[in-house]
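In: Curious how this folds, go ahead:
(one chain, ligands or ions: 1)
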Amino acid sequence: MPPAGITFTGVRVLAGERQLLEVPDLHLTEQRISVIGPNGGGKSTLLQLMNSLIEPSYGHVSVNGLDTIDAGSDVRQQVGFVFANPAAQLVMPTPLEDVELSLRGRIKNSRERRAAVRDCLEHLGIADLAERSSHEISAGQQQLVALATVVVLKPRLLLLDEPTTLLDRVNAGRFMHTVEQMCTAQQIQIVTATHDLQLAARAQRCLMIEDGAISLDGAPAEVITEYIRRTDHASLPA
Ligand SMILES: Nc1ncnc2c1ncn2[C@@H]1O[C@H](COP(=O)(O)OP(=O)(O)OP(=O)(O)O)[C@@H](O)[C@H]1O
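Out: Have a look, this model is predicted:
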């Protein structure tokens, strides 16, 4: 059995001469991890390294024992990515067709494929949306459909990059509750980058990233308290 979790070893990401992120040594095995920190700190860069959307300039990232460069396509099969804006992930007229599109390469038989789609929508509590217009459903519903297009592929790791930015508090809470229930049931690891500190507090481990480095790493309550302390101070007018 390959080692579970995500490992960073001697990782540096450069854009030209500029260093965007440095992660010398990190091993993430907790089921729910949150990543917080100021704009431009490097949260999205960290997530994108985990599904080989970005390759490290130095060092290695591995997911469940697979190197993200040497085994990039295998890693992408294990990793699902949900972005802030669901509209970027929904391209078909209806949720049913969008989720089915994800499965085209996996299940050739159309009846089996439809059944798998309906099953997934059912699990996420959005079966009633299957044939609605994707453009007419609410932002919260669209985000659940975007999630469905990813989880129908049964990833082992789910990366959420500011997934509740466009949602109100009630829908944000519902969305994360659905994600957490499903991921716990299916043993999917979740890494969530977010500015929503209530959401970040729901994780088992929290990383704070600023200026391209992990500055705090530990229990969410402690990391978040320290983040608030530092930023309260910084946000006071001179
Ligand atoms: N393709 C790129 N080329 C050059 N620089 C980039 C690129 N992508 C991101 N950066 C820079 O890398 C740094 C980290 O950006 P990143 O998007 O990871 O931060 P973030 O913490 O997710 O920010 P935010 O909270 O604003 O989404 C920023 O300085 C950004 O300008």
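In: At the contact with the ligand, which residues of this protein appear?
Out: Ala15, Leu20, Gly37, Asn39, Gly40, Gly41, Gly42, Lys43, Ser44, Thr45 (Cβ under 6 Å from any ligand atom). Backbone N, C-alpha and C define where each C-beta goes, glycine included.
In: Same list (these) but as JSON lines, adding pLDDT, secondary structure and neighbour count.
Out: Below are the residues of the chain next to the ligand laid out as JSON lines (pLDDT from 0 to 100; DSSP: H, G, I helix; E, B strand; the rest coil; neighbours: other Cβ atoms under 10 Å):
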{"residue": "Ala15", "pLDDT": "94", "secondary structure": "strand", "neighbour count": "11"}
{"residue": "Leu20", "pLDDT": "96", "secondary structure": "strand", "neighbour count": "18"}
{"residue": "Gly37", "pLDDT": "96", "secondary structure": "coil", "neighbour count": "25"}
{"residue": "Asn39", "pLDDT": "94", "secondary structure": "coil", "neighbour count": "7"}
{"residue": "Gly40", "pLDDT": "94", "secondary structure": "coil", "neighbour count": "13"}
{"residue": "Gly41", "pLDDT": "95", "secondary structure": "coil", "neighbour count": "22"}
{"residue": "Gly42", "pLDDT": "96", "secondary structure": "coil", "neighbour count": "24"}
{"residue": "Lys43", "pLDDT": "96", "secondary structure": "helix", "neighbour count": "26"}
{"residue": "Ser44", "pLDDT": "95", "secondary structure": "helix", "neighbour count": "21"}
{"residue": "Thr45", "pLDDT": "96", "secondary structure": "helix", "neighbour count": "20"}
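In: What's the end-to-end length of stretch 83-91?
Out: Chord length of stretch 83-91, first to last residue, is 14 Å (Cα to Cα, to the nearest Å).
In: quick one: average pLDDT of it?
Out: Mean pLDDT, computed over stretch 83-91, is 87.
In: quick one: buried residues of it?
Out: Residues Phe83, Ala84, Asn85, Pro86, Gln89, Leu90 are the ones in stretch 83-91 that count as buried (16 or more other Cβ atoms under 10 Å).
In: The residues you listed: which two are farthest apart?
Out: Ala84 and Leu90 (13.3 Å; Cβ to Cβ).
In: any idea which helix or strand carries Pro24?
Out: Per DSSP states H and E: Pro24 is located in strand 18-28.
In: can you give me the angle the helix or strand following that strand makes with strand 18-28?
Out: Counting by DSSP H and E, the element after strand 18-28 in chain order, helix or strand, is strand 32-36. Strand 32-36 runs at 160 degrees relative to strand 18-28, counting by axes from the mean of the first three to the mean of the last three Cα atoms, to 10 degrees.
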